[in-house]
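>>> return atomic coordinates for the entry below.
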Amino acid sequence: MNTPQFKKAFAKLKSHFNLVGVSVVLITIVVGCLTYLVEPLPLKILRNTVFDQYQRWQPRQYQPQPVHIIDIDDASLARLGQWPWPRTRIAELTSRLQSAGAASIGFDVIFAEHDRTSPKTMIDLWKLSPDGKKTLENLPDHDAVMAETLTQGKVILGFSVGQENSPGKLPETPFKIISVGESPLPFLHGFSSSIMPLPEFETKASGIGALTFIPDSDGVVRRVPLMIKVNEQPMPTFSAESLRVAQHESNYLTRTARTAGTGIQEIRIGKITIPTTPTGEVWVYYTTPVAERYIPAWKVLAGEVDQKLLKDSILLIGTSAQGLMDLRLNTRGIIMPGVEAHAQVLEQILGNTYLQRPAWAGSIEVLVIILGGLLVGLLSLASSALVSFICSTLLLGGIGWGAWMAFSNYGLLLDPVTPSLGVLAVSILASAVHHFMSERKQRWVKEAFSRYVSPNLVSHLVDNPNQLELGGQRRECSFIFTDLAGFTSLMEKIDPAEAVSLLNVYLDKMIAIAFRHQGTLDRIVGDAIAIVFSAPVVQADHRQRALDCALEMDEFATRYSAEIRARGIAFGITRFGIHSGEVIVGNFGGSTIFDYRALGDPVNTASRLESVNKHLGTRVCVSEMTLAGCEDANVRPVGQLVLKGKSQPLMVYQPITAHEDMRAEDRAYASAFGLLREGKPEALAAFEALAAKYPQDPLVALHLGRLRTGATNDLIVMAEK
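Okay, here's the model as predicted:
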């Protein structure tokens, strides 16, 4: 078709949906569908998390069913003794339940070994006289008593399965499994070995079922199988056998889906048809914890249970005792006894309340990825960012709402996660293609970035472009001012290119340390650096960050200076001033250029603290305002300084840096300084003793000189900056 109308329509379509954009949309949809089919573990986890959340929002409403757990709980163990109980006691428990008219009695226990408390076993363990042995030989064997009880009927025993190399012997099954359609074997969870009950128990029990769950990778029991295969032989599970025996049935019927290779559709047990997963499992729809579900075993043995609760009921004997460790995690995030999963499945079956993930669910979900992806992809290519966002949000909301309504009203488990991720990926990529290099605001922000230096400031402005405006706000901040002593004179003594090279390395490392502590570079003036903390992003620990940063910078600067001096170059020391206080932070300047900085007296004070180091003989001075937010700071008091141009004294301290070991004199200095601060005349003698022992200590020399010239306290008025 080569008509003018077609050409016109094609040109219009091309203007809206360029080939690159359409290709991106189609490729993303294909990748989304392939990812869905591959079903990687992260997607499974996300899907299961959503299904779990559904059950937290809307758990199954408990409706009393003839299903109860005879609980070997902590109270039963406390009253009747530790586990394992003698088989005679278990036989008595079983007999009482049989007499009460239970429909079936299932043991969530594997009786794989002989009773160690049986009289015959004791004969071998105890050193007895001939008469004693004869007495024990005449006592009934515990296992025999248990076996005799099993002959009274209605009892289901459990067996375990595994993947060991040595397969166990499978029992003579008291049932038949009839298949309609394909053989169920290829779809059932397979195991290669089993641990069975004792043969004398196995042959007398009315049923035998596998005590197995197939938890997901996170350990949560979401499904309970009704049938598995062991050595390529189908075997029912504990739940299925409990239901079969309760109905006095002898057959199972499995039905596979009509479409070949899609798995099991349902399993029929007696008169009850149960929809299953393709692998023969039932999704467990959990209730909130229900006390009525449990009957303590000790109450049964004590005859304190209403017989109406037991008559015609499926009774599962298991344990909730903490010490026996038969505990599982359910979808509601609750630790439960393993036997409860079987009980809840049986309640669902008897109440005809199921969760189902139908065979057509996958087709629907793939269709949503395709149609939804095309819709939002073409809209994103042709529409504004706002329209694209609104449509994508509505579609994603519709997917989530539809999946929830399917669960809430019909018990269907439809996956909203993978379709939503596919649609979202298409929307994002299509929008990126459409708006790439076209948004004026983004270009303006990028141009503005060139006016700033600190990475944290750039990151903050990317997240908050509305703050690119003149003005500021009040903020508590901390400041570091540094200065490299003697660098101007060094420039006169060595080749300027070499001096610049040394300075660049120095500044690069110093600024890198500041950025590592999330500090913002306020300015560089020659060899001096100003760093601010808690701007632009508020940092609750800005005082601690400032002190830690300054100490790390001091450690580097001292080491770097020593390295350069070792080469015969008189590279100076670096002095630091650290102070905190309330300032105005923001953008200052005009329409041509912005200057992001902090303004206020604390900035000037930090600068003054840096400069007083040369008068004090120290390298680092930190104010008490900064130390108020620092933990375990290792410092020495300098004194109350009245800085040049100030009228109020400021308490200043000297940090003890990593390369200074002053522990020996810390206590003596603190004692001497305390005398000085209190105006005690003994201060002079204390500092003279310190000076004799530590003649290189600048603070000791400072205070000793002041005391000798008539000073009586720690107040120091600075006449110079």
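>>> for the protein, give me the ranges with low pLDDT.
1-18, 121-138, 165-169, 436-471, 590-594, 658-664 (pLDDT under 70).
>>> where is the longest strand in it?
As assigned by DSSP state E, the longest strand anywhere in the chain is strand 574-589.
>>> let me know the angle separating whatever helix or strand comes next after that strand from strand 574-589.
Of the helices and strands lying after strand 574-589 in sequence (DSSP states H and E), the nearest is strand 594-599. Put simply, strand 594-599 runs at 120 degrees to strand 574-589, going by axes from the mean of the first three to the mean of the last three Cα atoms, to 10 degrees.
>>> just the C-alphas of the very next helix or strand once past strand 594-599, formatted as CSV.
Per DSSP H and E, strand 594-599 leads on to helix 601-616 as the next helix or strand towards the C-terminus. Extracted in CSV, the C-alpha atoms of helix 601-616 (Å, rounded to 0.1, in the frame of the first residue of the first chain):
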residue,chain,number,x,y,z
ASP,A,601,30.2,34.5,63.4
PRO,A,602,31.0,30.7,64.0
VAL,A,603,32.8,30.8,60.6
ASN,A,604,35.0,33.7,61.6
THR,A,605,35.6,32.0,65.0
ALA,A,606,36.8,28.8,63.3
SER,A,607,39.2,30.8,61.2
ARG,A,608,40.5,32.6,64.3
LEU,A,609,41.0,29.3,66.1
GLU,A,610,43.2,28.1,63.2
SER,A,611,45.4,31.2,63.4
VAL,A,612,45.8,31.2,67.2
ASN,A,613,47.7,27.9,66.9
LYS,A,614,50.8,29.8,65.9
HIS,A,615,50.7,31.8,69.1
LEU,A,616,49.9,28.7,71.3
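>>> who are the packing partners of helix 601-616?
strand 471-484, strand 528-533, strand 574-589, strand 620-623, strand 650-655, helix 698-708 (3 or more Cβ pairs under 8 Å, 6 or more residues apart in numbering; DSSP states H and E). Where you see a C-beta, it was placed from the backbone N, CA and C, and this is true even at glycine.
>>> mind listing what's buried in the fifth one?
Think strand 650-655. 650, 652, 653, 654, 655 (16 or more other Cβ atoms under 10 Å).
>>> direction included, what does it pair against?
Under the criterion DSSP bridges, strand 650-655 sits next to strand 620-623 (antiparallel), strand 635-642 (antiparallel) in its sheet.
>>> now, of the ones you listed, which is deepest in the fold?
strand 620-623 (a mean of 26; mean count of other Cβ atoms under 10 Å).
>>> what sits up against the following helix or strand past that strand?
Moving toward the C-terminus from strand 620-623, the next helix or strand (DSSP H and E) is helix 624-627. Residues outside helix 624-627 that contact it (Cβ atoms under 8 Å, 6 or more residues apart in numbering): 478, 543, 546-547, 578-581, 602, 633, 635, 650-653.
>>> swap in stretch 556-576?
By Cβ under 8 Å, 6+ apart, the residues outside stretch 556-576 that reach it are 480-487, 490, 493-494, 502, 505-506, 509-510, 513, 550, 553-554, 610-611, 613-614, 618-621, 657, 659.
>>> rewinding a little: can you redo the strands paired with strand 650-655 as JSON lines with distance to residue 296?
As requested, these are exported to JSON lines (distance: least, Cβ to Cβ, whole Å):
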{"stretch": "strand 620-623", "distance to residue 296": "67"}
{"stretch": "strand 635-642", "distance to residue 296": "65"}
